[in-house]
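# let me see the structure of the following:
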Amino acid sequence: MRVVTSALLIACIGLSGCGPELTTPGKTDMSGTWFASGPAAGLTNVFITITQASDGSISGVFTADGTQNLQFCPPAPPCTIGGTVTGSNTVLQVFFELKDAGTFTGQVIDVHTLKGAMSRASALDPVQFARP
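Residues are numbered from 1 along each chain as shown. The predicted structure is shown next:
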């Protein structure tokens, strides 16, 4: 009887859902300036300034020091690069692309910390962004 009751409880929970849709905007507004020293996927000294919309979408700009093999840099690295940032902050994850430089996937740890990984081509490195 106990096994049947447990199975019914699990089935009811599964049908009713256990939380928000994974595309629901995250609770922490990420608007502002963030910094990661790196190195991460060829990037160092990464500054991003972003605005988060009410739907969780992220837009902004970045600057960073890149490297020749992973970003579009001349043969004598490092080079300063910059561009746009687009992405999203959802209950599942934070994801944003630094145009032509790398992609971040991770989590909001608190209002001052993002932890995750930066990827570009074959490079994948852990990275932590901080907001003062």
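
# alpha carbons only for contacts and neighbour counts from here, please
Fine.

# give me the neighbour count for Ile58.
23 (other CA atoms under 10 Å).

# just to check, it is in contact with Thr84?
No: using CA atoms under 8 Å, Ile58 makes no contact with Thr84, being 10.5 Å away.

# overlap of the contact sets of the two?
Residues within reach of Ile58 and of Thr84 at once, by CA atoms under 8 Å, 6 or more residues apart in numbering: there are none.

# quick one: the helices in the chain?
2-16 (DSSP state H).

# any weak-confidence spans in it?
Applying pLDDT under 70 to the chain flags residues 1-25, 77.

# can you rerun that using 80?
Where the chain drops to pLDDT under 80, the residues are 1-26, 69, 74-78, 132.

# check contacts around Gly102.
Ala41, Met118, Ser119, Arg120.

# so which of those residues is the closest to Ala101?
Nearest to Ala101 among those: Arg120, at 6.9 Å, using CA to CA.

# now that closest one, nearest residue through space, not along the chain?
The shortest distance from Arg120 to any non-neighbouring residue, by CA to CA, 6 or more residues apart in numbering, is to Gly102 (4.8 Å).

# got it, and Met30?
Gln52 (6.0 Å).
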